[in-house]
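K.L.:
only geometry, no sequence info:
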Ligand code: 8YV
């Protein structure tokens, strides 16, 4: 398979890069000095490896006449033009399941960090302030109502974890799920009205862009908090900044942002937010399992076997 050109779109963990390098003719897109060089290599490219930040848009797909497969180092596929792939018969794979636990764990971590003010308390101890008085009181998590937008693999894993904290759980999804013991709300506003903690766990599509808008934030209210481990574009970020600064929303813990890696600076000055750098699945164990899936899908495709995790 050494002669098969695989275009890697941006830097990714070295384990993945090395495993691809061992098997294929790896072309690093971000290292190509200019478009003319890219155009010279394009006839050799039969596969693209993208991730949650850099995928494959229609222009790139059209630029690669020999493209057969896009193997994404992510479960989310919002950066890939799936319609174009279907149209051109290009296969697409992602990395589901292996990252579910880590992302769900992080959602719980974000809830605890926000409500129990973990980072601030840590800074309080490090700065030596404890000697002069106790840290402020915080907010209890156990027993709070948790509303989940999107009850797929990750949403369900968050629900299971929240059950262990004795939280009543409800959810919104396009349709009610049969055989699920959680309360269904047919609109996100209704879900927010009935939740102390609203968690975004759906995939990003045209339908779910800005699914958390001003109306939803107002329904969640000054005592409610928003947790986002989905995509930045699920939340109207400008409306979020306004709701937080005007005290209409109780707080937010965010792993994702609309213009990553740019985060609205006004958020840096707020105490009722927790900000992470899109690290939902970033553990050594999970990143390696995701990488193995990316490579496994490419190997399966180029040896004529069934794809491990096909999407298109
Ligand atoms: C990853 C993600 O961190 O899988 C996704 O869709 O957003 C994250 O789990 C990301 O893929 C790494 O690029």
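P.N.:
Structure's in. What do you need? Computed from a predicted model, the values in this text were never measured in an experiment.

K.L.:
can you tell me which residues contact residue 306?
P.N.:
Residue 306 makes contacts with residue 300, as judged by C-beta atoms under 8 Å, 6 or more residues apart in numbering. In short, each C-beta sits where N, CA and C put it, glycine included.

K.L.:
Assign it to helix, strand or coil.
P.N.:
Put simply, residue 306 is coil when judged by DSSP: H, G, I helix; E, B strand; the rest coil.

K.L.:
Could you measure from it over to residue 180?
P.N.:
In this view, residue 306 and residue 180 are 30 Å apart by C-beta to C-beta, to the nearest Å.

K.L.:
and what of residue 32?
P.N.:
Distance, residue 32 to residue 180, using C-beta to C-beta: 48 Å.

K.L.:
how many neighbours does residue 271 have?
P.N.:
For residue 271, the count of nearby residues is 8 (other C-beta atoms under 10 Å).

K.L.:
now residue 177
P.N.:
Neighbours of residue 177 (other C-beta under 10 Å): 14.

K.L.:
One more: residue 233?
P.N.:
17.

K.L.:
which residues touch it?
P.N.:
Counting by C-beta under 8 Å, 6+ apart, residue 233 touches 78, 204, 209, 210, 258.

K.L.:
Scan those and report the most crowded one.
P.N.:
That'd be residue 204 among these, by other C-beta under 10 Å, with 20 neighbours.

K.L.:
Go ahead and confirm that residue touches residue 230.
P.N.:
Yes - at 6.6 Å, residue 204 counts as touching residue 230 under the criterion of C-beta atoms under 8 Å.

K.L.:
Give me the mean pLDDT for stretch 97-104.
P.N.:
Mean per-residue pLDDT for stretch 97-104: 98.

K.L.:
How about residues contacting that stretch?
P.N.:
75, 153-154, 157-158, 160-161, 229, 280-283, 286, 289-290, 293, 309.

K.L.:
Check these one by one and keep those near the ligand.
P.N.:
Residues of the contacts of stretch 97-104 in contact with the ligand (C-beta under 6 Å from any ligand atom): 75, 280, 281, 282.

K.L.:
Pick out the residue closest to the middle of this protein.
P.N.:
By C-alpha atoms, centre = their mean, the mean C-alpha position of the chain lies nearest to residue 230, the distance being 4.0 Å.

K.L.:
where's that residue relative to residue 172, distance?
P.N.:
13 Å.

K.L.:
can you list residues touching both of these two?
P.N.:
149, 150.

K.L.:
re the thing from before, next, show the common contact partners of residue 204 and residue 230.
P.N.:
Residues touching both residue 204 and residue 230 by C-beta under 8 Å, 6+ apart: residue 76.

K.L.:
buried residues in the longest helix seen in the chain?
P.N.:
Secondary structure of the chain read by DSSP state H shows that its longest helix is helix 284-302. The neighbour-count check on helix 284-302 (16 or more other C-beta atoms under 10 Å) flags 286-287, 289-298, 300-302 as buried.

K.L.:
Packing partners of that helix?
P.N.:
Packing contacts for helix 284-302, counted by 3 or more C-beta pairs under 8 Å, 6 or more residues apart in numbering; DSSP states H and E, involve helix 14-23, strand 45-51, strand 69-73, strand 91-93.

K.L.:
Out of the ones you listed, which one sits most buried?
P.N.:
Of all the helices and strands packed on helix 284-302, strand 69-73 carries the top mean neighbour count, a mean of 26, counting by mean count of other C-beta atoms under 10 Å.
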